[in-house]
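Asks: got a predicted structure plus its sequence, pasted below:
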Amino acid sequence: MASVQPPPALLAPHRPSTAAALRFPSPTVSPRVSPSPAARPRRLAVAARAMPWPHVLTVAGSDSGAGAGIQADIKACAALGAYCSSVITAVTAQNTVGVQGVHAVPEEFVGEQLRSVLSDMSVDVVKTGMLPSAGIVKVLCESLRKFPVKALVVDPVMVSTSGDTLSGPSTLTTYRDELFPMADIVTPNIKEASKLLGDVSLLTISDMRSAAESIFKLGPKNVLVKGGDMPDSTDAIDVFFDGKEFIELRGLRIKTRNTHGTGCTLASCIAAELAKGATMLRAVEAAKKFVESALYHSKDLVIGNGPQGPFDHLFSLKSPLYKMGSLHKFNPDDLFLYAVTDSGMNKKWGRSIEDAVKAAIEGGATIVQLREKDTETREFLEAAKACVEICRSSGVPLLINDRVDVALASNADGVHVGQSDMPAWEVRELLGPGKIIGVSCKTPAQAEQAWKDGADYIGCGGVFPTTTKANNPTLGFEGLRTVCLASKLPVVAIGGINAGNAGSVMELGLPNLKGVAVVSALFNQECVATETRSLRSILMNACCRS
Ligand SMILES: Nc1ncnc2c1ncn2[C@@H]1O[C@H](COP(=O)(O)OP(=O)(O)O)[C@@H](O)[C@H]1O
Ligand SMILES: Cc1ncc(COP(=O)(O)O)c(N)n1
Ligand SMILES: [Mg+2]
């Protein structure tokens, strides 16, 4: 399916129905005559046809409870800005308790639906869900050969999370022999991967890797073994394999009963992202983030009395502050020149926090943290709100030191915590997946814990002796190197860094050392913008040399 094919010619010449012809009479208006009001809508409709709309066709079952299946697919694609047409393979009677009945659509009629959509509607990507019989899998394969699309995403739905069978064992061979070799990605959950491989047991990440490799040998270009149902796992870990490299996609495990439809949603999001032009790995990463965020925002919703509820795909409509863009917000390169404020210093120089932040950004700071240890909460919150506006208008992330409450109330981009503050995993629970979390670490063990807790970066120091933090042992270059080499997260160096020594820190050439964090060197100075500018050029020069 990889090659991009032009849309096939229509099966039969398109003749509009009488009703359509009445609503949209054929154009007769001369271009020189200004259109009558009645003609305007038609002209708009004609213009709109020229705009591309990423199009996913889902071939799946209907879930009467609307948490999974076709209903989940349409909502997921809509949330990500793709059009979703639907070929229904089965109608299920289903709720939050389980599946009470399945009524398969006759093969010929599945074929007819496929022909209707694929022959006319410029489908970019086909996503499959519940395919209840081998005959239906075959009809789909035939249709795809006749009407090729850019990509095929196969979610081999066999058993619902409630344990009910959605596709019998007779489909297994057809899946393996006919559909998988056409697929760009296959996304089994643990139970499905096990069934596809003859009931092997999958209990560890290493088992998931072996399964991904074995399924890859059946012919798809990529495999994602999903670990949502992995017992005793504190993270939600999926294993991606493209035939060369295994990538562990690790997400927060959201504590909620509302996980019905996660698999359908993930596959539809992958399809939507592919239709929008993403590469496969980026599509999978974005899809996983979407599921994580949707579960997080829906964790306390209640529909139905059974053990597995639906979640809200359109959560972003309810939280206007939550922007989809923030899903991809953290860029480790933002750690390059990290400005950390200090209330004492700004008071000494007669500056407000806002003025200090503006000046640091003007000088080229790439991320800002408000570290206001002695400011009253009300004053701190007001300053934080003002700084959020300043930073957002410059595209610079703003983090709050320690105070999760102030970060939430000001809608800052994240929080930085120390070893004696709230643990990073608790901060993550409160802030959700879209925000940035940093942790101060002095040892490899602390760095490992920060990674496990779901932090985005660590701050490592004090590299040099500092006056801004009491009782802070100095790590020196050796300590910094040890932590950097052990850390799975990007690192920013902190502690006594200034224009005189910043270059030597970057010249250590440690691969995950992304930048330096500075307090006094910027804010205990007369002109913050000038100091920031000169530090920035020192860092740039050092990076060019190392
Ligand atoms: N509680 C959870 N928190 C976060 N992510 C989850 C959770 N449960 C499932 N996921 C994610 O949802 C996606 C679908 O996985 P899974 O539930 O295993 O598939 P299926 O719905 O097909 O059984 C995966 O990316 C998985 O990691
Ligand atoms: C029609 C239909 N398709 C797919 C699923 C799988 O969803 P889940 O694994 O979340 O139960 C389902 N329950 N119903
Ligand atoms: Mg699931």
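Replies: Sure, I can see it. Ligands and ions are numbered 1, 2, ... in the order given.
Asks: quick one: name the residues of this protein near ligand 2.
Replies: For the chain, the residues found near ligand 2 under the criterion C-beta under 6 Å from any ligand atom are 60-61, 63, 68-69, 92, 94, 129-130, 157, 160-161, 166, 260-264. Placement of C-beta: from N, CA and C, glycine included.
Asks: which of those residues fall in strands?
Replies: For these, the ones inside strands are 60-61, 63, 92, 94, with DSSP state E as the criterion.
Asks: from the residues you listed, pick the one nearest ligand 3.
Replies: Ligand 3 lies nearest to D63 out of these, by C-beta to the ion, at 12.6 Å.
Asks: looking at it, that closest one is touching G69, isn't it?
Replies: Yes. Under the criterion of C-beta atoms under 8 Å, D63 lies in contact with G69, with a separation of 3.6 Å.
Asks: which neighbours do the two share?
Replies: When contacts are counted by C-beta atoms under 8 Å, 6 or more residues apart in numbering, D63 and G69 have 92, 94, 261 as shared neighbours.
Asks: okay, and the nearest residue to H416 once chain neighbours are set aside sits in which element?
Replies: Counting by C-beta to C-beta, 6 or more residues apart in numbering, G438 is the residue found nearest to H416 once chain neighbours are left out, at 4.1 Å. Using DSSP states H and E, G438 falls within strand 436-441.
Asks: now D456: how far from A286?
Replies: Noted for D456: a distance of 17 Å to A286, by C-beta to C-beta, to the nearest Å.
Asks: oops, could you answer that again for T173 instead?
Replies: To A286, T173 is 33 Å away according to C-beta to C-beta.
Asks: more neighbours: these two, which one.
Replies: Neighbour comparison, T173 and A286: the larger count goes to A286, with 19 against 11 (by other C-beta atoms under 10 Å).
Asks: what residues does the strand holding G438 touch?
Replies: Outside of strand 436-441, the residues within contact range by C-beta under 8 Å, 6+ apart are 329-330, 369, 397, 399, 413-419, 424, 427-428, 431, 446-447, 450, 453-461, 483, 487, 492, 494.
Asks: do that again at 6 Å, thanks
Replies: Strand 436-441 is touched from outside by 330, 413-418, 424, 427, 447, 450, 455-460, with contacts defined as C-beta atoms under 6 Å, 6 or more residues apart in numbering.
Asks: excluding chain neighbours, what is closest to C387?
Replies: Excluding the flanking residues, the one nearest C387 by C-beta to C-beta, 6+ apart is V357, at 4.9 Å.
Asks: what's the burial count for the one you found?
Replies: Per other C-beta under 10 Å, the neighbour tally for V357 reads 29.
Asks: wait, a helix at it?
Replies: Yes. The assignment for V357 by DSSP: H, G, I helix; E, B strand; the rest coil puts it in a helix.
Asks: could I get the shared contacts of D63 and G69 as TSV with distance to S316?
Replies: TSV is the format used below for the shared contacts of D63 and G69 (distance: C-beta to C-beta, whole Å):
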residue	distance to S316
T92	28
Q94	26
G261	17
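Asks: who wins on neighbours among those?
Replies: Neighbour counts for the shared contacts of D63 and G69, by other C-beta under 10 Å, peak at G261, which reaches 29 neighbours.
Asks: pull out the CA atoms of stretch 363-381 and give them to me as CSV.
Replies: These are the backbone C-alpha positions of stretch 363-381, laid out as CSV (Å, rounded to 0.1, in the frame of the first residue of the first chain):
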residue,chain,number,x,y,z
GLY,A,363,18.2,38.9,25.4
GLY,A,364,17.3,35.5,24.0
ALA,A,365,16.3,33.3,27.0
THR,A,366,14.7,30.1,25.6
ILE,A,367,12.8,29.1,28.7
VAL,A,368,11.9,30.9,31.9
GLN,A,369,11.2,29.7,35.5
LEU,A,370,9.7,31.8,38.2
ARG,A,371,11.5,30.9,41.4
GLU,A,372,9.9,33.2,44.0
LYS,A,373,10.7,31.8,47.4
ASP,A,374,9.7,34.9,49.4
THR,A,375,6.8,36.3,47.4
GLU,A,376,3.2,36.2,48.9
THR,A,377,0.9,33.8,47.0
ARG,A,378,-1.4,36.5,45.7
GLU,A,379,1.4,38.6,44.4
PHE,A,380,3.1,35.5,42.9
LEU,A,381,0.0,34.4,41.1
